[in-house]
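Student: Quick one: sequence plus predicted model below, questions after.
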Amino acid sequence: MKRTRALVLSLVTALAATLGAAWVALPAFAAGATASFVKTADWGTGWEGKYTITNGGGSTITAWSVAFDLPAGTIMGSYWDALLTSSGQRHTFTNRSWNGTVAPGASVSFGFLATGSGTPVNCTLNGAPCGGGTTPTTPPGTTAPPTTPPATTPPATTPPPTSPPPTGSLPKHLLTGYWHNFDNPAVELRLRDVPNEYDVVAVAFADATATPGAVGFTVDPGLSAALGGYTDADFSADVRTLRSRGKKVIISVGGETGRVAVNDAASAVAFADSVHALIQRYGFDGVDIDLENGLNPTYMGQALRSLRAKVGAGLIITMAPQTIDMQNPTTSYFKLALDIRDILTVVHTQYYNSGAMLGCDQNAAYPQGTVNFIVALACLQLENGLRPDQVALGLPAGAGAAGGGIVPPSVVNAALDCLAKATNCGSFRPPRTYPGIRGAMTWSINWDVSNGNGFARTVKPHLATLP
């Protein structure tokens, strides 16, 4: 078979040489696996692409790698559902931990954004020609023609969101806040008294039980006493009240002093079962992972996938990692976010209590409490696999809410503008814009109310001005 194919290729090559400058598009040979490319969006200055790997053979594929060249002048951007390594204009995408296995007759896909007009050439799948029906056949060094007709109106200057959020009932740009299930110097609130500006309310916190991995929740006695009596039944009724107003209420697991540990298969099952029980009991819309003392991405990923299988596609899954946890895509929180990207709603990284940190340019340590810090660190996630709609900015709600990194709400708005529209930036400017950036989170609703609601009343209206 190899000898026959080589002979045919040599004959076609000779024919191409005989025809001079004319380019002959080689037919795709039948193969066990193919990788086909399509543009799913094109806005003139850039585009969104998708590769679909299809197993046409009789045995299961256990891992895949798709490599291709982008012509000079076309730059790779954000990507999803794969891992990326690049060398010059050669880009290699490999499977994630959850989509490497492709059964006979099945297919998986990954996508990415690119700036420029060129499209992929010289594609290989696991080292062999991709053979996909729509893989571009442009010869090396040239640029493929556009796959969409010329625009009749001025093209957009920034790419559209890469795909709709997993939970379509959520706003495109949203404001999340944490509600205290404890008594501290901030104002105590019944859940139903959360200001209307908040789209998602994270109830802080569910705590570890005696069973490894399992969590429990009940209204804190100190909070109940401070409110003159507040029962579990009152709380459950308030969850229903907020949901009737179109809000989402999720249960947050962990916190600064939380000791929830999901480190093996048994504790992953216990976590999923116990959170599911809380969702059924109180009516929560989802779960937030806020484990500030470390997590095991493998088993937490298993737990969250199991929980989603129990609840369904409407489950909201959020995270609130510390800044240090989102510095490297191979470490705990970042790896977890990438591993469950297909079911993850949004990551609210805490851009405070951090000191100085490297941004996505890796050239400077940006001090916390600045537009540069927020934008450069959000850029790390946006350029390393998370979609813009999965990235939100977490900041404190004024005095008392954090030990460092407190900024005026106007700084949060400036950072959102810089990321979404390339306006109001500091000295750091990200490599592209992210108009689908999800929004903002604050710790906390109670501290915001204590400080006159400045965060919610400044940031929430501004979200409506984003693309």
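Tutor: Arrived safely. Numbering: from 1, shown residues only.
Student: Would you map out the domains in the protein?
Tutor: The chain resolves into domains spanning 26-129, 174-463 when parsed by automatic domain parsing.
Student: And the helices in the chain?
Tutor: 2-18, 221-226, 232-244, 265-282, 297-311, 332-339, 371-382, 409-421, 445-450, 454-463 (DSSP state H).
Student: Which of the domains of the chain has the highest mean neighbour count?
Tutor: By mean neighbour count, with neighbours taken as mean count of other Cβ atoms under 10 Å, domain 174-463 ranks first of the domains of the chain at a mean of 20. (Each C-beta comes from the backbone N, C-alpha and C, glycine too.)
Student: Okay, now the unreliable bits of the stretch 51-200 of the chain?
Tutor: 78, 132-168 (pLDDT under 70).
Student: Skipping its backbone neighbours, what lies nearest Ala103 in space?
Tutor: Thr60 (5.3 Å; Cβ to Cβ, 6 or more residues apart in numbering).
Student: The one you found contacts Val102, correct?
Tutor: Yes: using Cβ atoms under 8 Å, Thr60 makes contact with Val102 at a distance of 6.9 Å.
Student: which one is His91 nearest to, not counting chain neighbours?
Tutor: With Cβ to Cβ, 6+ apart, the residue lying closest to His91 is Met76, at 5.5 Å.
Student: Equivalent analysis for Ile251, please.
Tutor: Here the residue nearest Ile251, using Cβ to Cβ, 6+ apart, is Phe284, at 4.7 Å.
Student: Contacts only, for the one you found.
Tutor: Val203, Val239, Val249, Ile250, Ile251, Leu278 (Cβ atoms under 8 Å, 6 or more residues apart in numbering).
Student: Beta-bridge partners for the third one, please?
Tutor: With DSSP bridges as the criterion, Val249 is bridged to Val201.
Student: thought it was touching Val239?
Tutor: Yes: applying Cβ under 8 Å, one finds Val249 in contact with Val239, separated by 5.0 Å.
Student: can you list residues touching both of those two?
Tutor: Leu191, Gly283, Phe284.
Student: Distance check, the first one against Leu227.
Tutor: I take that to be Leu191. 10 Å (Cβ to Cβ, to the nearest Å).
Student: Arg438: what's its closest spatial neighbour, skipping adjacent residues?
Tutor: Nearest one to Arg438, counting by Cβ to Cβ, 6+ apart, is Ala392 at 4.4 Å.
Student: same deal with Leu338?
Tutor: Per Cβ to Cβ, 6+ apart, closest to Leu338 is Gly385, 4.9 Å.
Student: got a list of what the spatially closest residue to Gly286 that is not a sequence neighbour touches?
Tutor: Spatially, and ignoring its direct neighbours in sequence, Gly286 is nearest to Ile316 (2.8 Å; Cβ to Cβ, 6+ apart). Counting by Cβ under 8 Å, 6+ apart, Ile316 touches Thr167, Leu170, Val200, Lys248, Ile250, Asp285, Gly286, Val287, Thr345.
Student: Look up the pLDDT of the last one for me, please.
Tutor: The pLDDT attached to Thr345 in the predicted structure is 97.
Student: Double-check it against Val391; I have them as touching.
Tutor: No: judged on Cβ under 8 Å, Thr345 makes no contact with Val391 at a distance of 11.0 Å.
Student: follow-up on the earlier one: what sits against the residue nearest to Leu338?
Tutor: Shown in contact with Gly385 (Cβ under 8 Å, 6+ apart): Ser78, Tyr79, Trp80, Leu83, Leu84, Pro329, Leu338, Arg341.
Student: excluding its backbone neighbours, what's nearest the second one?
Tutor: In this structure, Tyr79 finds its nearest non-sequential neighbour in Phe112, 3.7 Å apart by Cβ to Cβ, 6+ apart.
Student: Name whatever forms a beta bridge with the one you found.
Tutor: Those that pair with Phe112 in a beta bridge, by DSSP bridges, are Gly49, Tyr79.
Student: What separation is there between the residue nearest to Leu338 and Leu344?
Tutor: Distance from Gly385 to Leu344, by Cβ to Cβ: 11 Å.
Student: got it, and Phe182?
Tutor: Distance from Phe182 to Leu344, by Cβ to Cβ: 27 Å.
Student: hang on, the earlier thing: which one of the contacts of Gly385 is nearest to Met357?
Tutor: Closest approach to Met357 among those (Cβ to Cβ): Pro329, at 15.1 Å.
Student: Torsion angles phi and psi at the closest one?
Tutor: For Pro329, the backbone dihedrals are phi -60, psi -10 (criterion: degrees, to the nearest 10).
Student: Hmm, it is touching Arg341, no?
Tutor: No: between Pro329 and Arg341 there is no contact under Cβ under 8 Å: 11.3 Å.
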